[in-house]
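Visitor: prediction below, plus the sequence it came from.
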Protein chains: 2
Amino acid sequence: MGNLEAPDCSIQASLDVLGDRWTILILRDAFRGVRRFEDFRKDLDIARPVLTERLKRLVDRGVLVRQLYCERPPRYEYRLTEMGMALSPALVALMRWGDRWLSDGDAPTVLVHDSCGHPLDQQFVCWECDETFTQYDIASRPGPGASAVT
Amino acid sequence: MGNLEAPDCSIQASLDVLGDRWTILILRDAFRGVRRFEDFRKDLDIARPVLTERLKRLVDRGVLVRQLYCERPPRYEYRLTEMGMALSPALVALMRWGDRWLSDGDAPTVLVHDSCGHPLDQQFVCWECDETFTQYDIASRPGPGASAVT
DNA sequence: GTAGGTCAGTTCTGATTCAGAACCAAGTCG
DNA sequence: CGACTTGGTTCTGAATCAGAACTGACCTAC
């Protein structure tokens, strides 16, 4: 994005890190367990220079760590940090949206509750009312970091 | 993305619709109530030809509808469809991730449970166990649309 | 009734970014 | 030794994007 100002919106802030054609797919692979340069490259069929740049950026921003996994020859792998792991609600949401609206009802992958094996759902929760709800019951208001005038 | 095959992954399918630098920001604005070409353009400071193309694409894919709101002169507005509204879990997840990991603790906007005004949380739910859980309790398995061999 | 303004675009041009291929370096295997 | 693997870098042409100017339909004020 051309603007130099700090984004006044966390979605924009997130997209400054994730918002190009490849980054989210790289992270999806990382969630699936892909860790090595060549494996990302083959799976995504991405140009090497672009992959190099994207991995570097994700490491710089703290989403991935680059770890030596082999001394001789020196080989590195890219792993999700806690910050990276925290993206899972976003990736799950994108996946479920694609399942629901872009596939013909046949989801390629199903996510399940690990301990019981049943499909999971994603919901908004209010701990005050102790209930779950949907997007139609959301309101928004300025937070502590809101600009004075908007 | 360069590949012509149908994506074997719903995240990729979603990104085929949403995965460029502007689309998600356009949709964020739409969720905020922006509906008109000029309002999108001013708010995002996006080049006109790019906005034209993105809106057209979102309408084609069914995420937005283009509705006449003024007969003379003919003026159109862009509104979220049900498909578009269904993206809110994804946008909320991106926003919360930015709040948590990219801001210094001061969220510009806070989302609240409409009926009580308290901040909301986003969780995974298992209706079988009737409990909420986090990304560390998710497993995945091939769904009905999985390719034969993978 | 015409000058200026708004809204929703389209058309053009130059700057960025991307894809694809080739190349490179360090090490391993046969 | 020569081939192969991994993890890159460098180059070049293609696609995309930004920015500005232009268009056209209509509206309002003078």
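Guide: Perfect, thanks for sending it. Remember, predicted model here, so these are calculated numbers, not experimental data. Numbers count the residues shown, from 1 in each chain, chains lettered A, B, ... in the order given.

Visitor: in chain A, which helix or strand is least confident?
Guide: Considering only helices and strands, the least confidently modelled element of chain A by mean pLDDT, DSSP states H and E is strand A:64-70, at a mean of 89.

Visitor: hey, C-alpha coordinates of that strand in PDB?
Guide: C-alpha atoms of strand A:64-70 as PDB (Å, rounded to 0.1, in the frame of the first residue of the first chain):
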ATOM      1  CA  LEU A  64       8.400 -17.700  11.300                       C
ATOM      2  CA  VAL A  65      11.700 -18.600  12.800                       C
ATOM      3  CA  ARG A  66      14.700 -19.800  10.800                       C
ATOM      4  CA  GLN A  67      16.300 -22.700  12.600                       C
ATOM      5  CA  LEU A  68      19.400 -24.600  11.800                       C
ATOM      6  CA  TYR A  69      18.400 -28.300  11.600                       C
ATOM      7  CA  CYS A  70      21.600 -29.600  10.100                       C
END
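
Visitor: so how far is DNA strand D from the residue nearest to the spatial centre of chain A?
Guide: The centroid of chain A falls nearest to A:Leu87 when counting by CA atoms, centre = their mean (3.9 Å). As judged by CB to the nearest atom of the strand, to the nearest Å, A:Leu87 and DNA strand D stand 21 Å apart. For the C-beta atoms, the positions are set from N, CA and C on the backbone; glycine is no exception.

Visitor: pLDDT wise, what is that residue at?
Guide: Among the per-residue scores, A:Leu87 shows a pLDDT of 97.

Visitor: and chain A, which of its residues are near DNA strand D?
Guide: Residues of chain A found near DNA strand D, taking CB under 7 Å from any atom of the strand as the criterion, are A:1-2, A:36-39, A:48-49, A:52, A:55, A:66, A:73, A:75-77.

Visitor: could you rerun that using 6 Å?
Guide: A:Gly2, A:Arg36, A:Phe37, A:Glu38, A:Arg48, A:Pro49, A:Thr52, A:Arg75, A:Tyr76 (CB under 6 Å from any atom of the strand).

Visitor: with adjacent residues omitted, what lies nearest to the fifth one?
Guide: It stands for A:Arg48. Taking CB to CB, 6 or more residues apart in numbering or on different chains as the measure, A:Arg48 lies nearest to A:Arg41, with 6.3 Å between them; neighbours along the chain are not counted.

Visitor: where does the residue of chain A found nearest DNA strand C sit: helix, strand or coil?
Guide: When CB to the nearest atom of the strand is the measure, chain A has its nearest residue to DNA strand C at A:Pro73, with 2.9 Å between them. Local secondary structure at A:Pro73 is given as coil here, using DSSP: H, G, I helix; E, B strand; the rest coil.

Visitor: what backbone torsions are found at it?
Guide: Main-chain torsions, A:Pro73, degrees, to the nearest 10: phi -70, psi 150.

Visitor: right, and A:Phe31 touches A:Val92 too?
Guide: No - in this structure A:Phe31 lies outside contact range of A:Val92 using CB atoms under 8 Å: 9.4 Å.

Visitor: wait, what's in contact with the residue nearest to the centre of chain A?
Guide: Counting by CB atoms under 8 Å, 6 or more residues apart in numbering or on different chains, A:Leu87 touches A:Leu18, A:Leu27, A:Val63, B:Ala93, B:Trp97.

Visitor: so how far is A:Leu55 from A:Cys129?
Guide: Between A:Cys129 and A:Leu55 the computed distance is 43 Å (CB to CB, to the nearest Å).

Visitor: before we move on, back to that, show me which of A:Phe31 and A:Val92 is the more surrounded one.
Guide: For A:Phe31 versus A:Val92, neighbours defined as other CB atoms under 10 Å in any protein chain shown are more numerous around A:Val92 (23 against 19).

Visitor: and the more buried one, what element?
Guide: Using DSSP states H and E, A:Val92 falls within helix A:88-101.

Visitor: please convert the residues of chain A next to DNA strand D to CSV, extending it with distance to DNA strand C, neighbour count and secondary structure.
Guide: As requested, the residues of chain A next to DNA strand D are arranged in CSV below (distance: CB to the nearest atom of the strand, whole Å; neighbours: other CB atoms under 10 Å in any protein chain shown; DSSP: H, G, I helix; E, B strand; the rest coil):
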residue, distance to DNA strand C, neighbour count, secondary structure
A:Gly2, 9, 6, coil
A:Arg36, 14, 13, coil
A:Phe37, 11, 17, helix
A:Glu38, 11, 10, helix
A:Arg48, 5, 10, helix
A:Pro49, 5, 8, helix
A:Thr52, 9, 13, helix
A:Arg75, 9, 12, strand
A:Tyr76, 13, 16, strand
